[in-house]
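Trainee: fold the following, please.
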Amino acid sequence: MLYRYASFFPVIIYSSLCTSQHAAVGTFAVTSLMTGGIVHTVSAEMYSRQNYTDVDNATLSVMDDIGDRIPFEFRLRALIAITLCVGLWQLMMGIFRFGYFAVLLSDHLIKGFTTAAAFHVFSTQLKLVFGLHKIKEWHGPLKLIYFYYEFFSHLGSTHIPTLVFSLVCITVLYLTRVFVNQNPRVMKVIRFPVPIELLVIIFATLTSYEMELETSWGVETIYNIPTGLPSPVLPPFSMIPELLGRTFSLAIVASAILISLAKIFAAKRQYKIDCNQELIAAGLANIFGAFFLCIPVTGALARSALQESVGGSTQMVSLVSATIVLIVLVALGRFLEPLPRACLGCIIMVALINMLKGAMEIVRLWKVSLIDASIFMVTLLATLLLDVDFGLAIGVLYSLLVFAFRLQYGQLEVMGRLRGTKDEIMPIDEPKVDEIIGVKIFRLHGPLYSGNAESFVSKVRKAVLANEKAVSVSHALVPEPAAKKWIAMPGEFEEFAGQLVRRRYSQVPANLTRMRMQAGRSQSEATAEISHDSNAEAALVKRNLRRHSVAPISMTTFKTIKESTGSLKPIKETQLWVKEPIIETMEEALEEPLRAIIIDCSSVSFIDVVGSDALLRLARECSLEKGIRLILAACSGSVRDIMILSGFTKVVPAECFVKNVFTGLESLDLHKDY
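Mentor: Residues are numbered from 1 along each chain as shown. Have a look, this model is predicted:
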């Protein structure tokens, strides 16, 4: 009886105040079981207080023995007080904007949760469809496993008339849904979806009445529908302080189920919901329902799926369904008594098919992100194997752990300059991007806080050590020639460039040196060969000679370069010249010590004191021990303020904060060599 009232009174309030266009409220198995447990405990305590002097000892000793002797009035008072407390919790969470925490319910978490919850509801209808009445009710963890063990154990006891009736209903419902209501060609002709669920209920009721399915064939029917509406009653407000603490977890589960259901339909239909308004609407619905003997309501999965499947696109469909419930409660209840219960189970099962198809989401998530796929699978499996409340809690906890892991191990990229450009900074892993000699550029994606500060600084230190080792190795590889001053003629330039590139970069193309050092080529042949060389090959040479006396401006045309004293001046059409001073040895060209570290902070969302202190220690190590400048580029205002307040500018001058990476390179006087 209380379940039927919950399908009318709270629905009116929620539908009038909510922002979801498809979610409907009603009873849900998990919240109903949680409510029943609290009702049993509270009503037993109330009963024991009236019948035993020592309340505490009595409560502990007879709680399990007096369950059947608790009067209905005690249970009813406890129930409406629980409904009121749940409504108060939801209302307070909505008023104080706790709906923000719905961001913890990511889309893939919600899809995994709702898919598993839909399977729970789907499974409960099987015993109605197969006419199995001896299956034991299971609750708690692993209940689906126990249920299906019982189900297959009793499968031989299937009631054949009920199964045949169910198969006919399922066939009619599914075929009409697929070939009529979801067929664009048919919908263009009939303009509105066929209310097949209503038609099936009408014909099933008439068939059951005419053929006497219950008496002649043993098909279970609804049998008794009480009529009339309850009179409003005042909830026992004196029980609120005692029950607020006990009902908090129930309110959280009910709110999470409702918001998850609303978000899944909003994502499917591409509109937005206000989670705080949803909490307010649900809270007021439960508070109003407490005055009319209603059980706490939450998102009704089967009801919402059914209303969406028949074409409902606004909350008007909920108001219409509530009106139908009112008519049934007041006048038509006795006319629906012959309706087979299996018919209702068939309608729910067919309506849940689309939600069960959500399991295929794992295929898309697996291709896009393994981490998001793991959140989906953990939530799905936890909800299936344990229960809806445990599954939701585990899914949220795992999602938080993944979020913390991503923050702690945020992506750190080494950046470089795109060949042929001056200010195009891109990740070094991208093609045609090279590191800038003497400079290390890092970009951190995410916040710099206590969870990842040490990891970030450690990676920067490793990069600095790697650069120092590379310089020391270059000293060992290059022999010490006799020091002499020389200027590069065209052939000498190419030979020097080839040697430098071969020692500095192990992956330089072999045809670079061969093409550039072949003797006896004519001017036109050399020009044609070099013009077909890739930009990568030219950039390798330019990059290594940039900071020395040999500076190529273009590699496309070679003309005769005449020697002059001290330096070379370009003649007409000459694309190559040498600047002063003239390099002394090849080893001088190979030595490339690290001059600066630039940290691109454009993707750093926030920084805490621990992150600021870690950067401060890094700045001291670089400037005092190694003579390396630390430059911070593109810091947001909040990040810069925290670092200044933490004393960062006492170690590093304020000029270390630059507008962008290119500005930092300009401050190092590197850009003019390009």
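Trainee: and the nearest residue to residue 415 once chain neighbours are set aside, what are its phi and psi?
Mentor: In this structure, residue 415 finds its nearest non-sequential neighbour in residue 441, 3.9 Å apart by Cβ to Cβ, 6 or more residues apart in numbering. Where you see a C-beta, it was placed from the backbone N, CA and C, and this is true even at glycine. With angles defined as degrees, to the nearest 10, residue 441 sits at phi -120, psi 130.
Trainee: next secondary structure after the helix or strand containing residue 617?
Mentor: Using DSSP states H and E, residue 617 sits in helix 609-620. Later in the chain than helix 609-620, the nearest helix or strand by DSSP H and E is strand 629-633.
Trainee: ok, residue 234 to residue 7 distance?
Mentor: According to Cβ to Cβ, to the nearest Å, residue 234 and residue 7 sit 23 Å apart.
Trainee: give the buried residues for stretch 402-409.
Mentor: residue 402 (16 or more other Cβ atoms under 10 Å).
Trainee: contacts for that stretch?
Mentor: The contact list for stretch 402-409, computed with Cβ atoms under 8 Å, 6 or more residues apart in numbering, reads 371, 374, 375, 446, 447, 449, 451, 452, 455.
Trainee: swap the cut-off to 10 Å and go again
Mentor: 104, 106, 109, 371-372, 374-375, 378, 445-456, 605 (Cβ atoms under 10 Å, 6 or more residues apart in numbering).
Trainee: might you report the residue contacts of the residue minimising distance to the centre of the chain?
Mentor: The residue lying closest to the centre of the chain (Cα atoms, centre = their mean) is residue 106, at 4.2 Å. By Cβ under 10 Å, 6+ apart, residue 106 lies in contact with 112, 263, 372, 375, 376, 379, 395, 396, 399, 402, 403.
Trainee: cool, residue 605 as well?
Mentor: 407, 410, 444, 445, 446, 447, 448, 449, 636, 638, 639.
Trainee: quick one: which of those is most hemmed in?
Mentor: For those, the largest number of neighbours (other Cβ atoms under 10 Å) sits with residue 448, at 27 neighbours.
Trainee: was I right about that residue contacting residue 614?
Mentor: Yes - the pair residue 448 / residue 614 is scored as a contact, 7.6 Å apart, by Cβ atoms under 10 Å.
Trainee: joint contacts of the two?
Mentor: In contact with both residue 448 and residue 614: 456, 457, 607, 608, using Cβ under 10 Å, 6+ apart.
Trainee: so how far is residue 176 from residue 340?
Mentor: Taking Cβ to Cβ, one finds residue 340 at 19 Å from residue 176.
Trainee: confirm residue 19 sits in a helix?
Mentor: No - counting by DSSP: H, G, I helix; E, B strand; the rest coil, residue 19 falls outside a helix, being coil.
Trainee: count the neighbours of it for me.
Mentor: Neighbours of residue 19 (other Cβ under 10 Å): 18.
Trainee: what's the answer for residue 415, then?
Mentor: Residues near residue 415, counting by other Cβ under 10 Å: 22.
Trainee: contact partners for it?
Mentor: So residue 415 contacts 425-430, 433, 435-436, 439-443, 598-600, 661 (Cβ under 10 Å, 6+ apart).
Trainee: show the model's pLDDT score for it.
Mentor: On pLDDT, residue 415 comes in at 90.
Trainee: which strand or helix spans it?
Mentor: strand 412-418.
Trainee: now that strand: buried residues?
Mentor: 412, 413, 415, 416, 417, 418.
Trainee: that one: partners in the sheet, and parallel or antiparallel?
Mentor: strand 425-427 (antiparallel), strand 433-434 (antiparallel), strand 439-444 (antiparallel) (DSSP bridges).
Trainee: helix/strand/coil for residue 464?
Mentor: From three-state DSSP, the assignment for residue 464 is helix.
Trainee: in a strand, residue 295, correct?
Mentor: No - using three-state DSSP, the assignment for residue 295 is coil, not a strand.
Trainee: that one: neighbour count?
Mentor: 25.
Trainee: how about the contacts made by it?
Mentor: 2-3, 5-6, 10, 26-28, 31-32, 35-36, 39, 79-80, 82-83, 86, 286, 289.
Trainee: distance check, residue 198 against residue 149.
Mentor: From residue 198 to residue 149 the distance is 36 Å (Cβ to Cβ).
Trainee: ugh, typo on my part, it should be residue 227
Mentor: In terms of Cβ to Cβ, residue 227 sits 40 Å off from residue 149.
Trainee: between these two, who's got more neighbours?
Mentor: residue 149 (14 against 11).
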